[in-house]
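Student: Predicted model and sequence follow; I will ask about them next.
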Amino acid sequence: MPHEQILTTIVGVNENSRLEVALGADSQSERTLELRRLSWGEGVGWYCQQTLRLDAKEAENLLQVLRQSQRKWRDQSASRQGKVIPFPWAKRGREKSVTSRA
């Protein structure tokens, strides 16, 4: 891609994975945004596994959706931490009689 500019590289879920974000232009000189999934290969180095090229309108729409859903993402992440719920014993007396037999 001619005249490309790497905007950022985001560390993935493990040390062998990255997401690269690049600004460039397509063959008609229209602005594009490329998202590239990079992987590390021993003896090869970093290489591109997947590429998603977005035109200016798609990139703008994606940015708008990400901004609108930012709170939802945060709320879902917080709820994934889980809650500790006490085990509902049906009969307390039964629990004691089972343990007292041993």
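Tutor: Happy to help now that I have it.
Student: Show me the shaky parts of this structure.
Tutor: 1-2, 77-84, 90-102 (pLDDT under 70).
Student: Strands of that one, residue ranges please.
Tutor: Assigned by DSSP state E, the strands in the chain fall at 5-11, 17-25, 31-41, 45-55.
Student: Pipe these into TSV and attach distance to W89 per row.
Tutor: Bear in mind the C-beta positions are built from the backbone N, C-alpha and C, glycine included. Output for those, formatted as TSV (distance: least, CB to CB, whole Å):
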stretch	distance to W89
strand 5-11	46
strand 17-25	45
strand 31-41	49
strand 45-55	51
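Student: And those strands: which comes nearest W73?
Tutor: With CB to CB as the criterion, W73 lies closest to strand 5-11 of those, at 15.1 Å.
Student: name the helices or strands packed onto that closest one?
Tutor: Identification of packing neighbours for strand 5-11 by 3 or more CB pairs under 8 Å, 6 or more residues apart in numbering; DSSP states H and E yields strand 17-25.
Student: about what we covered before: D75 is nearest to which of the strands of the chain?
Tutor: strand 5-11 (21.9 Å).
Student: picking that back up, export the strands of the chain to JSON lines and tack on mean neighbour count and distance to S69?
Tutor: Formatted as JSON lines, the strands of the chain follow (neighbours: other CB atoms under 10 Å; distance: least, CB to CB, whole Å):
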{"stretch": "strand 5-11", "mean neighbour count": "11", "distance to S69": "18"}
{"stretch": "strand 17-25", "mean neighbour count": "16", "distance to S69": "18"}
{"stretch": "strand 31-41", "mean neighbour count": "16", "distance to S69": "17"}
{"stretch": "strand 45-55", "mean neighbour count": "12", "distance to S69": "17"}
